[in-house]
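In: Got a predicted structure here, sequence first:
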Amino acid sequence: MSAPASGLRRRDQRGQTTLMIVGFAGVLFMLLAVVVDASAAYLQRQGLATVADGAALAGADAGALGGEAYTGGFRADRRAIQTEKAAEAAVASYLQEIGAHARWPGLEFDVAVDGGTVEVRVDAPLDLPLVLPGGPDEATVAATGTAALQLG
């Protein structure tokens, strides 16, 4: 009588094994989606960081080209005096020149000037390559760059 009992036990285990395989496949897909989406966000952040650094340099450089360098001079720490308006115009021109808005549709930027330092924050939406059910379709990626024009 022990043989039929073990036969019943085998059939029950086969169904559980199938369920475990399906469950593991679902977990593997979710891990794959997280890794792919995180990699896409990282790569976009690296590109935006490069753009933010270049834009901050362009904004800081605008202080040396404007009339403020001649009329206002330089601060005690030998940094060029910046105006937010001149820096923002230089950043907008730089972003237009390199085609940043075409590469990252929806790109937005913010310029802040503190003394002789120009800080540029750029952010852009990212369409996630793999979307988990119930998860977001896109994310916003941001980067910040800071620059100051300092004389020797």
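Out: Ah, there it is.
In: so where is the protein shaky, pLDDT-wise?
Out: Low-confidence segments of the chain, defined by pLDDT under 70, are located at 1-15, 63-81, 151-152.
In: For it, which segments are assigned as helices?
Out: Taking DSSP state H, the helices of the chain run over residues 2-65, 68-71, 84-98, 100-103.
In: what's the most buried one of the ones you listed?
Out: The highest mean neighbour count among these belongs to helix 84-98 (a mean of 18), with neighbours defined as mean count of other Cβ atoms under 10 Å. Quick note: C-beta positions are derived from backbone N, CA and C, even for glycine.
In: Relative to residue 138, which of the helices of the chain is closest?
Out: Minimum separation from residue 138 across the helices of the chain (Cβ to Cβ) falls at helix 2-65, 10.3 Å.
In: got the angle for that closest one vs helix 84-98?
Out: Here helix 2-65 runs at 120 degrees with respect to helix 84-98, directions being taken by axes from the mean of the first three to the mean of the last three Cα atoms, to 10 degrees.
In: these two touch, right, residue 93 and residue 58?
Out: Yes - with contact defined as Cβ atoms under 8 Å, residue 93 reaches residue 58; the gap is 7.2 Å.
In: before we move on, back to that, got a markdown table for the helices of the chain, with distance to residue 145 too?
Out: Formatted as a markdown table, those follow (distance: least, Cβ to Cβ, whole Å):
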| stretch | distance to residue 145 |
| --- | --- |
| helix 2-65 | 3 |
| helix 68-71 | 21 |
| helix 84-98 | 10 |
| helix 100-103 | 12 |
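In: So which of those helices is nearest residue 149?
Out: Each of these has some distance to residue 149 by Cβ to Cβ; the shortest is helix 2-65, at 4.5 Å.
In: so what does that closest one touch, helix or strand wise?
Out: Applying 3 or more Cβ pairs under 8 Å, 6 or more residues apart in numbering; DSSP states H and E, one finds that helix 2-65 contacts helix 84-98, strand 108-114, strand 117-127, strand 138-148.
In: can you do 10 Å?
Out: If contacts are counted by 3 or more Cβ pairs under 10 Å, 6 or more residues apart in numbering; DSSP states H and E, helix 2-65 sits against helix 68-71, helix 84-98, helix 100-103, strand 108-114, strand 117-127, strand 138-148.
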